[in-house]
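Enquirer: I need the structure of the sequence given here:
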Amino acid sequence: MRNAFILTVSPEQEGERIDKYLSGALSDLSRSAAAKLLEQGNVTVCSKPAAKNYKCRAGDVISVLVPPPVPPEAKAENIPLDIVYEDHDLLVVNKPKGMVVHPAAGNYTGTLVNALLYHCGSSLSGINGVLRPGIVHRIDKDTSGLLIVAKNDRAHAGLARQIKEHSFERAYECVVHGNIKEDEFTVSLPIGRNPKDRKKMAVVYKNSKPAVTHVKVLKRYGSFTHLRCTLETGRTHQIRVHLSHIGHPIAGDEVYGPKKPVKGLNGQCLHAKHIGFVHPITGQWLSFESELPEYFTRFLSKLENGRL
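Expert: The predicted model follows:
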């Protein structure tokens, strides 16, 4: 989305070159960036394109359009991958905790996409653009586990359709705060942006989407409970938000959990353990399970031995 600005020149600024005026009026705009906008025709004075050497007059109404930044293309990096399955159309990857799925502001290197570009070369679907090649669905940086990657657009479209139709199976294991009494239950509550903090998600009833999580208790540890959560929908942070909302946030969750998260987990104790889907090209049903990673089993061991 472009940013648009309307500025009016004051008598004190009369005679100032327009590129200098713009860099002073718009705090995030350098003089060279202002000159580039002028060259691109994104600056008008009284509805007419402005020249780079134009000198402002008092009362001039200046319109400025700042186009969105063009994202850099992700670069291939030789990062080891734990590949569970691979064929000509797709692969299933076991993502480690702490790895970002695709490049974004602050994380343009070291991501799963950087590793995939090295492993797969140009054979990744392009539906999601240059920063998300092959990415059909995501899991959070501090969530570990299984993720499916499409190698071509036909496979990508077929997998995305299954996710939309809720026929794509995804099950997670996690450890939450508190002792959950029910053995099995379903959380069916809509999720949207938190109106008080747009960086977070929340259970809200306006500007939200339906979200359904099926929960099964695997083991109780007094003040913690080990769960298996099966997704019917796949909203952003769905499991984390649902469990936090019912008073049982995931252990280690620094966003939706207690102010003092469990030490040593470095983020939520949440693992994408199972995925199942119809192969988008062959029509064969494929199902995969991932072993619990070391950070997860170490935490369970501490709970078993009463060391928390």
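Enquirer: helices along the protein, start to end?
Expert: In the chain, the helices defined using DSSP state H lie at 18-25, 31-39, 112-120, 153-164, 238-245, 294-304.
Enquirer: ok, which of these comes nearest Lys196?
Expert: helix 238-245 (14.0 Å; Cβ to Cβ). Using the backbone N, CA and C atoms, a C-beta is placed for each residue, glycine as well.
Enquirer: who's in contact with Ala74?
Expert: 102-103, 108, 111, 113-114, 117, 130-131, 133 (Cβ atoms under 8 Å, 6 or more residues apart in numbering).
Enquirer: check those residues and tell me the two furthest apart.
Expert: Tyr108 and Pro133 (14.2 Å).
Enquirer: of these two, which one has the most company?
Expert: Between Tyr108 and Pro133, Pro133 has the larger neighbour count (other Cβ atoms under 10 Å), namely 24 against 18.
Enquirer: the closest residue to Asn114 other than its chain neighbours: how many residues sit nearby?
Expert: Counting by Cβ to Cβ, 6 or more residues apart in numbering, Glu77 is the residue found nearest to Asn114 once chain neighbours are left out, at 4.0 Å. Using other Cβ under 10 Å, Glu77 has 14 neighbouring residues.
Enquirer: quick check: Glu77 touching Leu117?
Expert: Yes. When contacts are counted by Cβ atoms under 8 Å, Glu77 is listed as touching Leu117 (7.4 Å).
Enquirer: what is the neighbour count of Glu86?
Expert: Around Glu86 there are 15 residues (other Cβ under 10 Å).
Enquirer: and the gap between it and Phe288?
Expert: Computed as Cβ to Cβ, to the nearest Å, the Glu86 to Phe288 distance reads 12 Å.
Enquirer: equivalent analysis for Glu232, please.
Expert: The spacing between Glu232 and Phe288, counted by Cβ to Cβ, is 19 Å.
Enquirer: same check on Glu165?
Expert: Per Cβ to Cβ, Glu165 is found 20 Å from Phe288.
Enquirer: can you give me every residue that contacts Gly267?
Expert: Residues near Gly267 by Cβ under 8 Å, 6+ apart: 97-98, 141-143, 252-254.
Enquirer: now, which of those sits nearest Pro67?
Expert: Pro67 has its nearest neighbour among the contacts of Gly267 in Lys141, at 28.9 Å by Cβ to Cβ.
Enquirer: go ahead and confirm the closest one touches Pro96.
Expert: No. The pair Lys141 / Pro96 is not scored as a contact, 10.2 Å apart, by Cβ under 8 Å.
Enquirer: need the residues touching each of the two.
Expert: By Cβ under 8 Å, 6+ apart, no residue touches both Lys141 and Pro96.
Enquirer: neighbours around the residue nearest to Glu39 when sequence neighbours are not counted, how many?
Expert: Take Glu39 and drop its neighbours on the chain: the residue closest to it by Cβ to Cβ, 6+ apart is Lys52, 6.7 Å away. Using other Cβ under 10 Å, Lys52 has 14 neighbouring residues.
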